[in-house]
Every structure is written in C-alpha cells, then in structure tokens.
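>>> Mind folding the following:
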Amino acid sequence: MNREEVERLKELSDEMAQILYRNTPLEALENLGTIEQHLRQQWLEVIGPNIGFFLLKQQREQIKDAPEP
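The predicted structure follows:
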C-alpha cells in the first residue's frame, strides 16, 4: 500500500467510526469490552460480509478474464 492509500483508509475508517458511533446504544459504550462486542457484531453483520463479497467478485472476474492455458 502506498502512502496515499493508507491515508485514504484512515479517512474511510474515521467515517465508518462516526457512522458506527451514531448507531451504537449508549450502554454499548460503557467500557472497552462492550465497545468491542458491538463492533464485532457490526463486523459480522455488515462490514465483513460486504468486504468478503467484494473480494469474491474480484476473484471471479480475474478468473473469468484470465487467458485459457
């Protein structure tokens, strides 16, 4: 990753953090344990599957576009 990509990831993660914060119940912000639990739930339900589907789609496109032996 180049420096520009790292900076962009930081910007995007800040934006994601703001969205997650706005949608996190106050009781989930009481300590690091409940914060981690809520973030893990969001990862499993929303973020992880979205990234996984994107990567799978990219892989399928590479296979489809690969020259045949």
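
>>> Determine the longest helix present in this protein.
Criterion DSSP state H: the longest helix present in the chain is helix 3-22.

>>> Same question for that helix: list its buried residues.
residue 20 (16 or more other C-beta atoms under 10 Å). Placement of C-beta: from N, CA and C, glycine included.

>>> what helices or strands is it leaning on?
In terms of contacts (3 or more C-beta pairs under 8 Å, 6 or more residues apart in numbering; DSSP states H and E), helix 3-22 is packed against helix 32-42.

>>> quick one: the longest helix of the chain to helix 32-42, angle?
100 degrees (axes from the mean of the first three to the mean of the last three C-alpha atoms, to 10 degrees).

>>> Now do helix 3-22: everything it contacts.
Outside helix 3-22, the residues within contact range by C-beta atoms under 8 Å, 6 or more residues apart in numbering are 1, 29, 38-39, 42, 47.

>>> Using CSV, lay out those residues together with neighbour count, distance to residue 53 and pLDDT.
Output for the contacts of helix 3-22, formatted as CSV (neighbours: other C-beta atoms under 10 Å; distance: C-beta to C-beta, whole Å; pLDDT from 0 to 100):
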residue, neighbour count, distance to residue 53, pLDDT
1, 8, 21, 92
29, 12, 29, 93
38, 17, 22, 94
39, 15, 20, 93
42, 16, 16, 94
47, 13, 11, 93
